[in-house]
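K.L.:
What follows is a protein structure lacking sequence information:
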Ligand code: GLC
């Protein structure tokens, strides 16, 4: 439709119909089998009137339901305005790939693109028009359950991977049925909730907001994301969905965003519990004034928007502007001509879990695994076949993560299946070793597990935290392995030292005790559908681990949050990895550094960083510097290494981080092979926000390093001249 036709359509709509376009319902309420509904279920009850006017729905299962929803609505809507169908496709629809925090460990934007492209193909045939993805909330506190959903503690990594996902998902033309619109979330700083507690208050300085939290959302909008979702939290005193500074001044004003703003689930209604709205009607007013276009699931807009306009409290122009943004998005998706978009039951049968998608998911599961420790245990020799597989994850199918689609576990390749796929002759002895539930204190299974371990050629200990212990509303105050897993591991390793621990978890855990006695530890996160195949190939060396931590692993929960890009303070501890140094910034009872730092990860081979060189030692504001890092594979196996580039600005008008990632590149090297990895550094990468909130750079000395956080191996200096 033309813009003219859209405006004509708008003029033909009643106030109630306009308000209806800004209402999103749970599809489950209109479909016989109620689907899983996140968040508090709104009082919004399905009705013929609601079905007639509603503008969008979320959470449906497949193409058949998508078409039925669309048919049911269009039959009742006199204007024949198609629904927007939205769904959380966070890391795969039917073929699940690793959780975003794991994808961050790949340090591979192209891999993120490839996985997102696969998810797009499956989402489009399912009938999805909009995915609530990417989630790019920078998260620095592993107590927060939703850290699993973001790529990293590092804003640059978050932004680049989020932008790659947007490009892959939206393609070059949203009108093509195979493309899906992205809704970037949760704007803003949702990951900074006090005490790592979900939905909690966020209070950060303007500079922290601008430097740490906003860049990733902006990168996704710059990549073309058509929607954005304000976060549940209050930000500096005002809940995001009613925060005019965030939504009008920055989003619409500074950034010029013209797309759709959709609230999070019931977030408009929650303005009442936040204490900024007296009632649902007041909440509707605040959200509309702040520029929230769509009210997700709650009925604030449905019940009150028309009256607010009639009584002159809310302008009809504001409502019209919101409705036009929604109509334009539907039009850009081609829904007026093709309301089903890509929904296709036949294609679903061909595309879901196809071999190509499984290969992508398996490769991603391999590339995101992080080898934390390996004292000559891994890879297992091919001859190792008599294997004890022990632990609560030994036969687990829930290896997909909180935001995998309901039922994903039905398709997971378990560890035994993966091992048998690789080694049909393998003899597996499987023992859970602990209680049916993770939290069980039952230790009766440990003896049997120890016995099984004692007689095996090798032992695999499959440990971690239950899938439902991370994700939305799943913050934890402790970060240890739940239940008696550490005791199980200690007893098993005493019985057989040829043991490798593999971990399945959605957040950085405290592994301090475990790694003190375990000879090999491989972090698998929640690897998704192809988990078992990836585990087997990694353990037997068909794949070489190359993941690097996208978030540091704390030594203790007391250190959290402990971001890698910390400031030096006026009393830095001389050896941050040692115990107390009185009267310096330290703890009496633990070192400052995490157990494993951001950017750390081992391989089955070794790499030497031989040289870091700059093509000049001075740079003007419009100049750039070429940085060359020479790295060599000094081991006996081919492998991938992520070369990381860190910046330090030792003297500036405000304190600056002791290390800040400014670029990264992954290289594949055969044994003995050497690579010269070339980066270009420009003045843009030297910028920060000064005391007055201005983004700028300052002349002076800068240091460029390579290695990984807290372990910078080579450093060179250059000067930014006036
Ligand atoms: C949830 C989440 C959000 C999700 C939305 C729809 O509460 O906060 O990330 O997209 O509701 O399911």
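P.N.:
On my side now, so go ahead. As the structure is a prediction and not an experimental result, all values here were calculated from the model. Numbering: from 1, shown residues only.
K.L.:
going forward, measure contacts and count neighbours with C-alpha atoms only.
P.N.:
Fine.
K.L.:
can you map out the strands along the stretch 151-300 of the chain?
P.N.:
181-187, 227-230, 234-235, 238-239, 260-261, 295-296 (DSSP state E, counting those that start in this stretch).
K.L.:
same deal with the stretch 601-722 of the chain?
P.N.:
Assigned by DSSP E, counting those that start in this stretch, the strands in the stretch 601-722 of the chain fall at 607-614, 618-619, 624-633, 639-648, 660-669, 674-682, 688-689, 695-696, 700-708, 711-720.
K.L.:
Give the rounded mean pLDDT of the first one.
P.N.:
The predicted model assigns strand 607-614 a mean pLDDT of 98.
K.L.:
Which residues are in contact with residue 13?
P.N.:
residue 79 (C-alpha atoms under 8 Å, 6 or more residues apart in numbering).
K.L.:
Likewise for residue 419?
P.N.:
426, 532, 533, 535, 536, 537.
K.L.:
from those residues, which single one is nearest residue 409?
P.N.:
Closest approach to residue 409 among those (C-alpha to C-alpha): residue 532, at 12.2 Å.
K.L.:
Can you give me the buried ones in the host helix or strand of the closest one?
P.N.:
Secondary structure assigned from DSSP states H and E places residue 532 in helix 531-539. Within helix 531-539, the residues that count as buried by 16 or more other C-alpha atoms under 10 Å are 531, 532, 533, 534, 535, 536, 537, 538, 539.
K.L.:
For it, what is the distance to the chain centroid?
P.N.:
Relative to the centre of its chain, helix 531-539 is centred 22 Å away, using C-alpha atoms, centre = their mean, to the nearest Å.
K.L.:
re the thing from before, wait, which of the strands of the stretch 601-722 of the chain is closest to the ligand?
P.N.:
Among the strands of the stretch 601-722 of the chain, the nearest to the ligand by C-alpha to the nearest ligand atom is strand 660-669 (27.0 Å).
K.L.:
Let me see the confidence value for residue 325.
P.N.:
98.
K.L.:
Quick check: whichever residue of the stretch 501-650 of the chain sits closest to the ligand vs residue 139, distance?
P.N.:
Going by C-alpha to the nearest ligand atom, the ligand is nearest to residue 506 of the stretch 501-650 of the chain, at 15.8 Å. According to C-alpha to C-alpha, to the nearest Å, residue 506 stands 13 Å off from residue 139.
K.L.:
Give the residues shared as contacts by these two.
P.N.:
What both residue 506 and residue 139 touch, as defined by C-alpha under 8 Å, 6+ apart, is the set residue 147.
K.L.:
and the chain, what are its domains?
P.N.:
With domains defined by automatic domain parsing, the chain comprises 3-35+48-346, 370-539, 605-720.
K.L.:
Determine which of those domains approaches residue 575 most closely.
P.N.:
Taking these one by one with C-alpha to C-alpha, domain 605-720 is closest: 10.9 Å.
K.L.:
Contact residues of the stretch 101-250 of the chain facing the ligand?
P.N.:
Proximity of the stretch 101-250 of the chain to the ligand (C-alpha under 6 Å from any ligand atom) is limited to residues residue 132.
K.L.:
Pick out the residue of the stretch 101-250 of the chain closest to the ligand.
P.N.:
residue 132 (4.9 Å).
K.L.:
Would you check that that residue makes contact with residue 169?
P.N.:
No - when contacts are counted by C-alpha atoms under 8 Å, residue 132 is not listed as touching residue 169 (11.2 Å).
K.L.:
So between those two, which is more surrounded?
P.N.:
residue 169 (31 against 22; other C-alpha atoms under 10 Å).
K.L.:
mind checking the SS state of the residue of the stretch 501-650 of the chain closest to the ligand?
P.N.:
coil (DSSP: H, G, I helix; E, B strand; the rest coil).
K.L.:
give the contact list for residue 327.
P.N.:
Residue 327 neighbours (C-alpha under 8 Å, 6+ apart): residue 6.
K.L.:
any idea how far it is from residue 5?
P.N.:
For residue 327 relative to residue 5 (C-alpha to C-alpha), the value is 11 Å.
K.L.:
In JSON lines: the strands of the stretch 601-722 of the chain, plus distance to residue 585.
P.N.:
Below are the strands of the stretch 601-722 of the chain laid out as JSON lines (distance: least, C-alpha to C-alpha, whole Å):
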{"stretch": "strand 607-614", "distance to residue 585": "31"}
{"stretch": "strand 618-619", "distance to residue 585": "34"}
{"stretch": "strand 624-633", "distance to residue 585": "33"}
{"stretch": "strand 639-648", "distance to residue 585": "20"}
{"stretch": "strand 660-669", "distance to residue 585": "20"}
{"stretch": "strand 674-682", "distance to residue 585": "32"}
{"stretch": "strand 688-689", "distance to residue 585": "24"}
{"stretch": "strand 695-696", "distance to residue 585": "29"}
{"stretch": "strand 700-708", "distance to residue 585": "22"}
{"stretch": "strand 711-720", "distance to residue 585": "19"}
